[in-house]
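Colleague: Using only what follows, build the 3D model:
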Amino acid sequence: MKRILQTAYALLAITIATALTSCGESNEPVIRDFSPVCIELYISDSQGNCLLDADAPGSILGSGISATYDGKEFQAIPCLQEEATPNTAASRYYLAELRGLCIRPTEYLLDSGEFVSHNTLWFGEFQGFENFDRTVTFHFPSAARDVDVRVVSRAQWAGDTPEWTLEYYLDGRLLTTEERIVPIKIVL
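Modeller: I've put the predicted structure just below:
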């Protein structure tokens, strides 16, 4: 019994010592990170049908959807969500990479609290820590319509604290916070 009590006291002492030393100030620098910036669009008809779903009436898959950015044209290609948002567990630093335009399955939450899954158009990525003002023009040949999405990112530091503002414009109109929550809805 005496041996058990000695072992219990020893374990308690080690636990307390570990807890006290782990609560001190750290000399490690704080790492701040900015998320990469992407544009994600949900394309529907006036009845709310997702036009990027193959089985939807009036689906526009295979109709030559493209996007123009910085003088280059990107054709919409299918991609998996993992390709659009790669696993970054191997590194603490994530370098955004312009991957172009793809159609990917996306799950998101409706105002009703219900999760739905549809295909969305995804364009990106842009570095979140950079200040930029970029416009991407999406082309929908079957609807004879183009849509401009402008993204303005302002990242600055106030001492050790980052301040980041991100604005989305749809055809020149600033989107409200509710409208720009991913994905941005476009009705063709």
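Colleague: only C-alpha atoms for contact and neighbour calcs from this point on.
Modeller: OK.
Colleague: Who are the contact partners of residue 34?
Modeller: Residues near residue 34 by CA atoms under 8 Å, 6 or more residues apart in numbering: 127-129.
Colleague: Please give the element, helix or strand, for it.
Modeller: Under the criterion of DSSP states H and E, residue 34 resides outside all helices and strands.
Colleague: Now do it against residue 116, distance only.
Modeller: 27 Å (CA to CA, to the nearest Å).
Colleague: Run through the helices of the chain in chain order.
Modeller: Assigned by DSSP state H, the chain shows helices spanning 2-22, 81-84, 177-180.
Colleague: At the geometric centre of this protein, which residue sits there?
Modeller: Nearest residue to the geometric centre of the chain (CA atoms, centre = their mean): residue 38, 5.7 Å.
Colleague: Quickly list what that one is bridged to.
Modeller: With beta bridges defined as DSSP bridges, residue 38 has these partners: residue 124.
Colleague: I'd say it and residue 128 touch.
Modeller: No - the pair residue 38 / residue 128 is not scored as a contact, 9.2 Å apart, by CA atoms under 8 Å.
Colleague: could you pull out the strands for the chain?
Modeller: With strands called from DSSP state E, the chain shows them at 37-44, 66-69, 72-75, 77-78, 100-109, 115-126, 132-140, 145-158, 161-170, 173-174, 184-187.
Colleague: TSV please, covering the ones you listed and showing distance to residue 51 and mean pLDDT.
Modeller: Below are the strands of the chain laid out as TSV (distance: least, CA to CA, whole Å; pLDDT from 0 to 100):
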stretch	distance to residue 51	mean pLDDT
strand 37-44	5	92
strand 66-69	15	96
strand 72-75	17	96
strand 77-78	14	88
strand 100-109	11	86
strand 115-126	8	89
strand 132-140	11	95
strand 145-158	14	90
strand 161-170	19	88
strand 173-174	23	94
strand 184-187	9	90
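Colleague: Out of those, flag the one nearest residue 57.
Modeller: Nearest to residue 57 among these is strand 37-44 (10.3 Å), distances taken as CA to CA.
Colleague: packing partners for the closest one?
Modeller: strand 115-126, strand 184-187 (3 or more CA pairs under 8 Å, 6 or more residues apart in numbering; DSSP states H and E).
Colleague: buried ones in the last one?
Modeller: Judged by neighbour count using 16 or more other CA atoms under 10 Å, the buried positions of strand 184-187 are 184-185.
Colleague: hmm, back to that, residues contacting the residue nearest to the centre of the chain?
Modeller: Contacts of residue 38 (CA under 8 Å, 6+ apart): 122-126.
Colleague: do residue 53 as well
Modeller: 59, 61, 118-119.
Colleague: contacting residues around residue 101?
Modeller: Residue 101 makes contact with 66-67, 74-77, 121-124 under the criterion CA under 8 Å, 6+ apart.
Colleague: Before I go, just wanted to say thanks for your time.
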